[in-house]
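Participant: turn this into a structure:
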Amino acid sequence: MFKPHWLGWSRSATRSSGGMSLPPELLQEIFVHLPAHQVVLVGRRVCREWRALADSESLWRERCRREGYQPSDEALVLKDWKMFYFLTKARRNLLKNPRADEGLRHWNIVSNMGDGWRVENVMKTHPNEGTTKNFVTSYGPCSKSLLVDLRKEGYNNYLMDKVKPHIRVTDWYAPRFDCASEYEFRVELQNKNKKVLHVFAPEKVRFEQWNDQNWNKMTHVFKNYGPGVQYVNFVHGGQDKQFWKGWYGVRVTDSCVEICPSEGV
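Facilitator: So this is what the prediction gives:
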């Protein structure tokens, strides 16, 4: 017999006329305090009443309110608060192998001049202590890209076209202290046919020889980008400007693409 341990009631008890019954307001209050995955995977299986509550707009709207999850556009009337809640809760980096832990796996090499791309341990400690490796460019132009399919990652047409969550992109880059170099960055929002809808492409960043070798952070947030966005094409790279054989060019690592359904999250 199915028995949810967190309440100690059986399915048959909730169905019997003499079984325990709670006012809907109190039951919702209990559901609000339970882990969300238990509400969906366990609670909604108990009976029709619980299933209806577990799927209700009011429950997930209240959970969002209490946890501070609100759409970037406060005037927007959401159709699916449960989807909004879980996508906000599960916000994550959509780029695979962002810190070079798997070599060059998952990345598309666009340009591989000089001696090409290489993976090394960081020369200077990264602000994120978990980042210990980086991608290194050579004496010719080096660039690589990674294409994110938002539909495959769970972000459907309604969310992207109506909710229009902010899309935050981040990259970390650093020069080598003894060699001049340059860094370039480009991110495209594309539709289902790979047509470019919006672009962030700042000017190249140039470093002189004998620099402090510090890590620098590049960040941009796409807002109010309109309907049709399905892909995020992330491109970065650079090169050594003194044309020394080997890998003396700019370093990149800890890249990130995040979908942020909720304002301020």
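Participant: C-alpha from now on. contacts and neighbour counts both.
Facilitator: Will do.
Participant: do you know how far Arg151 is from Arg91?
Facilitator: Distance of Arg151 to Arg91, given as Cα to Cα, to the nearest Å: 15 Å.
Participant: how would you label Arg168: helix, strand or coil?
Facilitator: What DSSP: H, G, I helix; E, B strand; the rest coil gives for Arg168 is strand.
Participant: wait, isn't it in contact with Met218?
Facilitator: No. Contact status for Arg168 versus Met218: not in contact, 10.7 Å apart, counting by Cα atoms under 8 Å.
Participant: which of those two has more neighbours?
Facilitator: Neighbour comparison, Arg168 and Met218: the larger count goes to Arg168, with 16 against 12 (by other Cα atoms under 10 Å).
Participant: can you give me the helices in this protein?
Facilitator: Counting by DSSP state H, one finds helices in the chain at the ranges 11-15, 24-33, 36-41, 48-54, 57-67, 81-89, 157-158.
Participant: deepest of those helices, which one?
Facilitator: Among the helices of the chain, helix 81-89 has the highest mean neighbour count (mean count of other Cα atoms under 10 Å), at a mean of 20.
Participant: ok, and what's touching it?
Facilitator: 55, 57, 60-61, 63-64, 69, 155, 159, 260-262, 265 (Cα atoms under 8 Å, 6 or more residues apart in numbering).
Participant: Tyr225: which of the residues you listed is nearest?
Facilitator: Distance to Tyr225 across these (Cα to Cα) is lowest for Leu159, with 12.6 Å.
Participant: contacting residues around that closest one?
Facilitator: Taking Cα under 8 Å, 6+ apart, we find Leu159 in contact with 84, 165.
Participant: and the one 5 residues further on, by the same measure?
Facilitator: Contact criterion Cα under 8 Å, 6+ apart gives 72, 223-227, 261 as the residues in contact with Lys164.
Participant: make CSV out of the helices of the chain and add mean pLDDT.
Facilitator: Putting those into CSV (pLDDT from 0 to 100) gives the following:
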stretch, mean pLDDT
helix 11-15, 43
helix 24-33, 81
helix 36-41, 76
helix 48-54, 81
helix 57-67, 79
helix 81-89, 77
helix 157-158, 88
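Participant: and Val229, how many neighbours?
Facilitator: Counted with other Cα under 10 Å, Val229 comes out at 26.
Participant: how's the chain carved up into domains?
Facilitator: The chain breaks down into these domains under automatic domain parsing: 11-89, 108-260.
Participant: looking at the ones you listed, which is nearest to Asp101?
Facilitator: Across the domains of the chain, closest to Asp101 is domain 108-260 (Cα to Cα), at 6.6 Å.
Participant: what about Met113, distance to Leu41?
Facilitator: In this structure, Met113 and Leu41 are 51 Å apart, going by Cα to Cα.
Participant: Gly237 reaches Arg186, doesn't it?
Facilitator: No. Counting by Cα under 8 Å, Gly237 stays clear of Arg186, with 9.2 Å between them.
Participant: which of the two has more neighbours?
Facilitator: Set Gly237 next to Arg186 and count neighbours by other Cα under 10 Å: Gly237 wins out with 29 against 16.
Participant: give me every residue that touches the more buried one.
Facilitator: Neighbour list for Gly237: 137, 141-144, 183-185, 250, 252 [criterion: Cα under 8 Å, 6+ apart].
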